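**Q** I would like to see how this sequence folds:
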Amino acid sequence: MSQGSQSSQRSQRSQKPDRRASSSRPSASSRPSAASPSEFRLPESTTPALPAVEDFAGLDMPAGLLKTLTAQGVTTPFPIQAATLPNSLAGRDLLGRGRTGSGKTLAFGLALLARTAGLRAEPKAPLALVLVPTRELAQQVTDALTPYATAVNLRLATVVGGLSITKQAGALRRGAEVVVATPGRLNDLVAQGDCVLGSVRITVLDEADQMTDMGFLPQITKLIQQVRPDGQRMLFSATLDRNIDRLVQRFLTDPVVHSVDPSAGAVTTMEHHVLHVQDETDKKAVTARIAARDGRVILFLDTKRSADRLAKRLLAVGVRAAALHGGRSQPQRNRTLEQFKNGQVTALVATNVAARGIHVDDLDLVVNVDPPTDHKDYLHRGGRTARAGGSGSVVTLVLPDQKRDVTRLMSDAGIRPRTARVTSSDAELATITGAREPSGVAVTIEVPQPATATASGLDRKTGAKAGTKTGRRSGPRRRNGASAGAGAGAGAAAVGGTSATSASGGRGSARRAGSGGATGGAVGGGGRSSDRRSSGGAATRAASGKTVRGSGRRAAAGGATGRGATGNGATASGTTGGGATGGAAGTGGRGSDRRGGRRTSAT
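**A** The predicted structure follows:
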């Protein structure tokens, strides 16, 4: 990008009015939205929008972005990209509606990166922000934008719940020009001082309607109030309704409005089928046969528990299935998605957590095992197929008592599905979905195992490591027992005497012994021994060239004496009679007694 172009953009940004002081608000259109009565009326722009472009070369973008587009095989912009990019590159606010898979991510991502290129963020102070409703969508946006951000030397940070907040705070402290975040986790980082939004010049809300449906509106409002008041705002979603009207009215100034298609998201390459089944038993049989098809399929259910149950049933009959829902940790969800994408899993059993923001190439079938209750959920579930010009089918299984609700759902979504009554053995079911009989042979999905500690590592039970100078205790002491490291016993009973054991590490313990002691010894290793509440007990330690520690608690008569080869002595406390001697070559000894009857010292 030329210096003159950069200075022109800076001039446009600097002249943008302050939203907090401006009374400009987009006016409501006099025409009602045709898609659904529940949708708000799209605002009208007072400033004419720039015309659409036919190819990316006609856009004022850095050469690195254009080169990466070619390398990624993206040669022709999708309609939403062609219409919005000229305006977003000019710094205009945007309100964009396009069905899932229509290219919204690059529509806002290319403009965001182009306008941020050449700038450098201070620690904790990003320059651009993308808010999304789910972790999966955040990861998808990050993955989609990473090659383009790399091309213009911009750093991306992903901030979502379910992953280490410490690592995310560290990434922000190191500096990131672009942050992709879910509202909850970003608010947490802002509250603890690890992120400052005052330098954010471009803010994007992706799938804004879902964020408001999930109750994020207060958090979104709190975040946007902290960014630069003269910054650019872009709002994109597959559906727009009255829930986000307050965001549009409050935060968008004279926005360019673009709608690729109606909210119903009807696509000529997507087929919609409603299959009526007799009862729950028949529904389970139909579901199993569809899941066993030759090809991948996403099966949507309402609850986490039902998703887990179905996944187990499918595995038992030979279908490589896995569950994906909000009850799984983020690493588990990431692993399941990767297995589904690479073919290790062929049937993904999911709740609505997978309904938005998950892109799988060449997925041609989505099945609503449980029909959704909201038409927007139906559209986003179906949006996992027929993406980016591809084709696919959405099948909804309907029980007799669900017929009326599903009819209303399809009407609200603007869908006219093909309907049929089927059983698990019908040829029509196989024609529509590719259903076939499962093998009946149970299968399992391999889970990568974490690296295990080696045998030469730290022994957690003994706290001793071979060849180390000192032994560290880990874990509680045991009653009337003794433990020793490296497979050698190091505990021994003694009455007023001395005992030594040769091992790589040892620890002895004797408690409430009438007249007993414990001896832990190590040659070349560290150890620990203890004697508690003993009448006449002794703790003896022996080690070659290592540190020795012993303790006796509430002892009526107990002692510990250590003497080094150089004549150095150790103290013994709480001793009235009886004793134990610990000898160590070239080392010092240490003994302690807590809550003892008398305190004496001896050398």
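
**Q** now residue 174. Nearest residue, chain neighbours left out?
**A** Leaving aside its chain neighbours, residue 174 sits nearest to residue 123 (6.8 Å; criterion: Cβ to Cβ, 6 or more residues apart in numbering). All C-beta spots, glycine's among them, are computed from the backbone N, C-alpha and C.

**Q** just read off the phi/psi values of that neighbour.
**A** Main-chain dihedrals, residue 123, degrees, to the nearest 10: phi -50, psi 140.

**Q** isn't it up against residue 171?
**A** No: applying Cβ atoms under 8 Å as the test, residue 123 and residue 171 come out as separate, 10.4 Å apart.

**Q** more neighbours: which of those two?
**A** Higher neighbour count among residue 123 and residue 171: residue 171, with 16 against 11, using other Cβ atoms under 10 Å.

**Q** residue contacts, that one?
**A** Counting by Cβ atoms under 8 Å, 6 or more residues apart in numbering, residue 171 makes contact with residue 157.

**Q** what about it, which helix or strand?
**A** Assigned by DSSP states H and E, residue 171 falls within helix 165-174.

**Q** buried ones in that helix, by neighbour count?
**A** Under the neighbour-count criterion of 16 or more other Cβ atoms under 10 Å, helix 165-174 has 165, 168, 169, 171, 172 buried.

**Q** so the third one makes contact with residue 190?
**A** Which is residue 169. No: the pair residue 169 / residue 190 is not scored as a contact, 10.8 Å apart, by Cβ under 8 Å.

**Q** what pLDDT does the residue nearest to residue 174 get?
**A** Residue 123 carries a pLDDT value of 96.

**Q** next up, the contacts around it.
**A** 172, 173, 174, 175.

**Q** which one of the residues you listed is nearest to residue 430?
**A** residue 172 (52.5 Å; Cβ to Cβ).

**Q** quick one: average pLDDT of the lengthiest helix in the chain?
**A** Identified as the longest helix of the chain according to DSSP state H is helix 135-151. Averaged across helix 135-151, the pLDDT comes to 92.

**Q** buried residues in that helix?
**A** 135, 136, 137, 138, 139, 140, 141, 142, 145, 148, 149, 151.

**Q** show me the shaky parts of the stretch 1-150 of the chain.
**A** 1-42, 99-102 (pLDDT under 70).

**Q** same deal with the stretch 151-300 of the chain?
**A** Short version for the stretch 151-300 of the chain, where the test is pLDDT under 70: 238-243, 260-269.

**Q** now do the helices in it.
**A** 165-174, 183-191, 208-213, 217-224, 245-251, 280-291 (DSSP state H, counting those that start in this stretch).

**Q** pick the most buried one from the ones you listed.
**A** helix 208-213 (a mean of 23; mean count of other Cβ atoms under 10 Å).

**Q** quick one, what contacts residue 66?
**A** 56, 57.

**Q** distance of it relative to residue 428?
**A** 49 Å (Cβ to Cβ, to the nearest Å).

**Q** now do residue 134 against residue 425, distance only.
**A** 38 Å.

**Q** looking at the two, which is more packed in?
**A** Per other Cβ under 10 Å, whichever of residue 134 and residue 425 has more neighbours is residue 134, with 23 against 13.

**Q** pretty sure that one contacts residue 183?
**A** No: using Cβ under 8 Å, residue 134 is not in contact with residue 183, being 10.8 Å away.

**Q** wait, residue 82 sits on residue 51?
**A** No: the pair residue 82 / residue 51 is not scored as a contact, 9.4 Å apart, by Cβ under 8 Å.

**Q** who has more neighbours, those two?
**A** residue 82 (22 against 10).

**Q** secondary structure class for the closest residue to that one other than its chain neighbours?
**A** Leaving aside its chain neighbours, residue 82 sits nearest to residue 52 (4.4 Å; criterion: Cβ to Cβ, 6+ apart). Following DSSP: H, G, I helix; E, B strand; the rest coil, residue 52 is assigned to coil.

**Q** quick check on the closest residue to residue 303 other than its chain neighbours: phi, psi?
**A** In this structure, residue 303 finds its nearest non-sequential neighbour in residue 351, 6.8 Å apart by Cβ to Cβ, 6+ apart. Dihedral pair for residue 351: phi -100, psi -170, per degrees, to the nearest 10.

**Q** show me what contacts residue 351?
**A** Counted by Cβ under 8 Å, 6+ apart, residue 351 has contacts 300, 301, 302, 303, 304, 307, 324, 325, 326.

**Q** of those residues, which one scores lowest on pLDDT?
**A** residue 326 (80).

**Q** host element of that one?
**A** Using DSSP H and E, residue 326 falls outside every helix and strand.

**Q** if we ignore the residues flanking it in sequence, what's nearest it?
**A** residue 353 (5.0 Å).

**Q** close enough to count as contact, the one you found and residue 330?
**A** No: using Cβ under 8 Å, residue 353 is not in contact with residue 330, being 11.1 Å away.

**Q** what are the boundaries of the strands in the stretch 1-150 of the chain?
**A** 27-28, 43-44, 94-97, 128-131 (DSSP state E, counting those that start in this stretch).

**Q** turn these into a markdown table, including mean neighbour count.
**A** Output for the strands of the stretch 1-150 of the chain, formatted as a markdown table (neighbours: other Cβ atoms under 10 Å):
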| stretch | mean neighbour count |
| --- | --- |
| strand 27-28 | 13 |
| strand 43-44 | 16 |
| strand 94-97 | 26 |
| strand 128-131 | 26 |
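
**Q** of these, which is nearest residue 420?
**A** Among the strands of the stretch 1-150 of the chain, strand 94-97 sits nearest to residue 420 (Cβ to Cβ), with 32.0 Å.

**Q** export the closest one as CSV, just CAs?
**A** This file holds the C-alpha atoms of strand 94-97, laid out as CSV (Å, rounded to 0.1, in the frame of the first residue of the first chain):
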residue,chain,number,x,y,z
LEU,A,94,-21.1,-2.0,8.5
LEU,A,95,-24.2,-4.0,9.2
GLY,A,96,-23.9,-7.2,7.1
ARG,A,97,-26.2,-10.2,6.9
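
**Q** in its sheet, what does it sit against?
**A** Under the criterion DSSP bridges, strand 94-97 sits next to strand 232-237 (parallel), strand 256-259 (parallel) in its sheet.

**Q** list the contacts for residue 422?
**A** 275, 276, 277, 286, 428, 429.

**Q** follow-up on the earlier one: more neighbours: residue 353 and residue 330, which one.
**A** residue 353 (19 against 15).

**Q** and that one, which of the three is it?
**A** helix.

**Q** distance of it from residue 164?
**A** Distance from residue 353 to residue 164, by Cβ to Cβ: 20 Å.

**Q** residue 143 now?
**A** Distance from residue 143 to residue 164, by Cβ to Cβ: 19 Å.

**Q** what do you get for residue 431?
**A** When residue 431 is compared with residue 164 (using Cβ to Cβ), they lie 48 Å apart.

**Q** now swap in residue 278 and tell me
**A** In terms of Cβ to Cβ, residue 278 sits 49 Å off from residue 164.

**Q** ok, these two, which is more surrounded?
**A** The neighbour count for residue 278 versus residue 164, taken as other Cβ under 10 Å, is higher for residue 278 (15 against 9).

**Q** quick check, the more buried one in contact with residue 424.
**A** No: using Cβ under 8 Å, residue 278 is not in contact with residue 424; the gap is 9.9 Å.

**Q** shared neighbours, those two?
**A** If you check residue 278 and residue 424 against Cβ under 8 Å, 6+ apart, no residue is contacted by both.

**Q** my read: residue 287 touches residue 301, true?
**A** No: under the criterion of Cβ under 8 Å, residue 287 makes no contact with residue 301, lying 9.5 Å away.

**Q** flag the shaky bits of the stretch 351-500 of the chain, pLDDT-wise.
**A** Residue ranges of the stretch 351-500 of the chain with pLDDT under 70: 354-359, 384, 386-391, 447-500.

**Q** can you show me the strands along it?
**A** 365-368, 392-398, 418-421, 482-485.
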